[in-house]
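Chemist: got a sequence here, can you build the structure:
(chains A and B)
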Amino acid sequence: MTRMIRKSLLILWLSGMISMGSVPQAMAQDDLLQMLEQEQSKEPIYTIATFKASRLINGQTIETVSKNHLNFWISHRFGAVNSGFLANFFGLDEAKIRLGLEYGLTDNWLIGAGRSSLEKTYDFYTKYKVLRQSNKFPVTITGVGGWAINTMETGYVMESGSEMRFNDNLERYSYWGQVLIARKFNENLSLQIMPTYLHYNKVEDPSIANDLLALGIGGRYKLTKRFTLSGEYYHSFADPGGYEASTGKAYPYHDAISIGVDIETGGHVFQLHFTNSRGMVEKHFIGQTVGAWEKGDIFYGFNIARTFSFDKGAKNKDK
Amino acid sequence: MKLKTGILTVIFVLQFGIGKAQTLFGTTSGEVSFYSDTPLETIEATNKKTGSIINSSTREIAVQMKITDFVFPNRLMQEHFNENYLESEKYPNAIFKGKIKETVDLTAPGTYPVSAEGSMTIHGVNQPVTVKGTIVSSGSDLKLNFKFQVKPEEYKVEIPSLVITKIAEVIDVSGTMTLTKR
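Modeler: Residues are numbered from 1 along each chain as shown, chains lettered A, B, ... in the order given. Down below sits the predicted model:
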């Protein structure tokens, strides 16, 4: 009998001890932190600021504008640096200008429009961030679609020297689509590839195809927190041989190569660069770049981006 | 026999009771805001995903938040805050761990003005701090309110001379969170 009591006492005592043990007696602060960590780390951590701006140099980056934010772009491409001091002040006497606006409908979706003085071109485009790089996904993928309208008088002479005649307004249109894939490898290095499809409703010579495929690569390397090196190269899969055979002239267009720097000062991003393209719309710089680096057709240019927030809470904050 | 069993049951219940006094309160949706005001610019941001745990028996408290969860009305500012100032890819979290100095029983309903002594880690820099606040306990919930000030300089947050007039030297931080019994 006493044995039984002892046994049950032991069991009770043990179960009491176990119940005590199951509730943390003296929880160290680090254990509390570990518990927090476990509760919080479920959401993916998205990579931010792969690039400084929504444009790399001439082309687009995977970055979009935040919801209810407006970007105002002012871009200039001056004359060729080899155009002489007296004649053209190394190109600074003249410039091709593009003014553009971009608005974020959501954090991942923007609409944009611009007007270039080159071939008096209007461009409209939309950009959507489909997938975002995070600690669970390696790249950001953004899709771009655009439409450009050439409003020059019919019969004007293009940069390539060809004469362009429009029989109707439809012939003034061109379209482009891009899939931008970028990865931020570390704080400083981000790289992007840009498979591109372009369609010109009207081309200057029948030997040039209306459809053009191109592949771009670009990237940036941050030298300091606010100073970044950037580069961009678009290779177009055109058919120069066909053009030469049909016209007897050399193919007038080259691949666009650009290098530059980004300087960030709060609400502005300044992009200064050298490029062989004076076009700032995809139809121009990807398909119709007339300059060649090896000939010294290098154009100095800049883009300035100013961001405005139309978010409710941001009103009257900029005193 | 019956008496003995009774005594044993009491012992068991007592042991169990002691164990149960160790109560954890926690949340993952606490709100922490900071506010910087200068004649040139007002900067405000809120983090609504702050995690916190309080152990009411040891009176230990831990708070942790992701820097990227701070939401600014101006997203460009948010990007700069993460990329250039707090460097949130290198230092993703801000952490406070400490102990409530006053001997209060937080499981008993009431309002307790308290101060927590411990260490704060922001931007990878550790600083000893004491944070004052109020805890309102309903027995099952703890409502936490606190306010303190932070100098960016103390946590090695570099502010370039160009914007030095736009960012306050002392930044007000305040928080509200409701911790529920676990």
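Chemist: distance of the closest residue to A:M164 other than its chain neighbours from chain B?
Modeler: Leaving out its chain neighbours, the residue that sits closest to A:M164 by CB to CB, 6 or more residues apart in numbering or on different chains is A:M158, at 5.4 Å. No exception for glycine: its C-beta is placed from N, CA and C like everyone else's. Between A:M158 and chain B the distance is 38 Å, computed by CB to the nearest CB, to the nearest Å.
Chemist: who's in contact with A:M158?
Modeler: By CB atoms under 8 Å, 6 or more residues apart in numbering or on different chains, A:M158 lies in contact with A:E119, A:M164, A:E204, A:Q288.
Chemist: the second one reaches A:R172, doesn't it?
Modeler: No: contact criterion CB atoms under 8 Å: A:M164 and A:R172 do not qualify, at 9.5 Å.
Chemist: mutual contacts of the two, please.
Modeler: In contact with both A:M164 and A:R172: A:N150, A:K202, using CB under 8 Å, 6+ apart.
Chemist: so where's the chain shaky on pLDDT?
Modeler: Reading this off chain A. A:1-29, A:41, A:313-319 (pLDDT under 70).
Chemist: sorry, I should have been clearer: chain B.
Modeler: For chain B (pLDDT under 70), the answer is B:1-22.
Chemist: in it, which spans are helices?
Modeler: B:2-20, B:75-80 (DSSP state H).
Chemist: now the shortest one, how far from the centre of its chain.
Modeler: The gap between where helix B:75-80 is centred and where its chain is centred comes out at 24 Å by CA atoms, centre = their mean, to the nearest Å.
Chemist: same question for stretch A:217-224.
Modeler: The answer for stretch A:217-224 is 12 Å, by CA atoms, centre = their mean.
Chemist: can you list the buried residues in that stretch?
Modeler: A:G218, A:G219, A:R220, A:K222 (16 or more other CB atoms under 10 Å in any protein chain shown).
Chemist: now those residues as JSON lines including secondary structure?
Modeler: Listed next are those as JSON lines, based on DSSP: H, G, I helix; E, B strand; the rest coil:
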{"residue": "A:G218", "secondary structure": "strand"}
{"residue": "A:G219", "secondary structure": "strand"}
{"residue": "A:R220", "secondary structure": "strand"}
{"residue": "A:K222", "secondary structure": "strand"}
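Chemist: list the strands paired with the strand or helix carrying A:Y103, with their directions.
Modeler: Taking DSSP states H and E as the definition, one finds A:Y103 inside strand A:95-106. Strand pairing for strand A:95-106, determined by DSSP bridges: strand A:69-80 (antiparallel), strand A:109-116 (antiparallel).
Chemist: if we can go back for a sec, who wins on neighbours among the contacts of A:M158?
Modeler: A:Q288 (29 neighbours; other CB atoms under 10 Å in any protein chain shown).
Chemist: hey, where'd the strands end up in the chain?
Modeler: As the question left the chain open, I've gone with chain A. A:69-80, A:95-106, A:109-116, A:121-131, A:140-150, A:156-157, A:163-164, A:173-184, A:189-200, A:211-224, A:227-236, A:256-265, A:268-275, A:299-309 (DSSP state E).
Chemist: ah, no, chain B please
Modeler: Counting by DSSP E, the strands of chain B are B:24-37, B:42-55, B:60-66, B:70-71, B:93-100, B:110-122, B:125-137, B:141-150, B:171-181.
Chemist: who does the fifth one touch, helix- and strand-wise?
Modeler: In terms of contacts (3 or more CB pairs under 8 Å, 6 or more residues apart in numbering or on different chains; DSSP states H and E), strand B:93-100 is packed against helix A:29-40, strand B:60-66, strand B:110-122, strand B:125-137.
Chemist: the first one to strand B:24-37, inter-axis angle?
Modeler: It refers to helix A:29-40. Orientation of helix A:29-40 against strand B:24-37 (axes from the mean of the first three to the mean of the last three CA atoms, to 10 degrees) gives an angle of 80 degrees.
Chemist: hmm, who's touching helix A:29-40?
Modeler: A:24, B:26, B:28, B:49, B:51-53, B:55, B:60-64, B:66, B:95, B:97-99, B:118.
Chemist: surely A:R172 touches A:Y200?
Modeler: No: contact criterion CB under 8 Å: A:R172 and A:Y200 do not qualify, at 10.1 Å.
Chemist: I'd assumed A:R278 was in contact with A:S75.
Modeler: No: counting by CB under 8 Å, A:S75 does not reach A:R278; the two are 10.5 Å apart.
Chemist: quick one on the thing from earlier: out of the strands paired with strand A:95-106, which is closest to A:G266?
Modeler: A:G266 lies closest to strand A:69-80 among the strands paired with strand A:95-106, at 14.3 Å (CB to CB).
Chemist: and the closest one, how far out from the chain middle?
Modeler: 14 Å.
Chemist: how about stretch B:65-73?
Modeler: With CA atoms, centre = their mean, you get 15 Å for stretch B:65-73.
Chemist: sorry, back to before: list phi and psi for the residue nearest to A:M164.
Modeler: Dihedral pair for A:M158: phi -70, psi 170, per degrees, to the nearest 10.
Chemist: and the gap between it and A:F51?
Modeler: 32 Å (CB to CB, to the nearest Å).
Chemist: from the buried residues of stretch A:217-224, which is closest to B:F146?
Modeler: Using CB to CB, A:K222 comes nearest to B:F146 of those, at 36.5 Å.
Chemist: how about that closest one, nearest residue that isn't a chain neighbour?
Modeler: A:N188 (4.2 Å).
Chemist: again with A:I149
Modeler: Sequence neighbours aside, A:Y122 is the residue nearest to A:I149 in space, at 4.7 Å (criterion: CB to CB, 6+ apart).
Chemist: my read is that the one you found contacts A:R172, right?
Modeler: No: checked against CB under 8 Å, the pair A:Y122 and A:R172 is beyond contact range at 9.7 Å.
Chemist: who's more crowded, the two?
Modeler: Neighbour count, other CB under 10 Å: between A:Y122 and A:R172, A:R172 has more, with 19 against 15.
Chemist: how about the contacts made by the nearest residue to the more buried one once chain neighbours are set aside?
Modeler: Using CB to CB, 6+ apart and skipping the chain neighbours, the partner closest in space to A:R172 is A:N150 (4.5 Å). Counting by CB under 8 Å, 6+ apart, A:N150 makes contact with A:E119, A:K120, A:T121, A:M164, A:F166, A:R172, A:Y173, A:S174.
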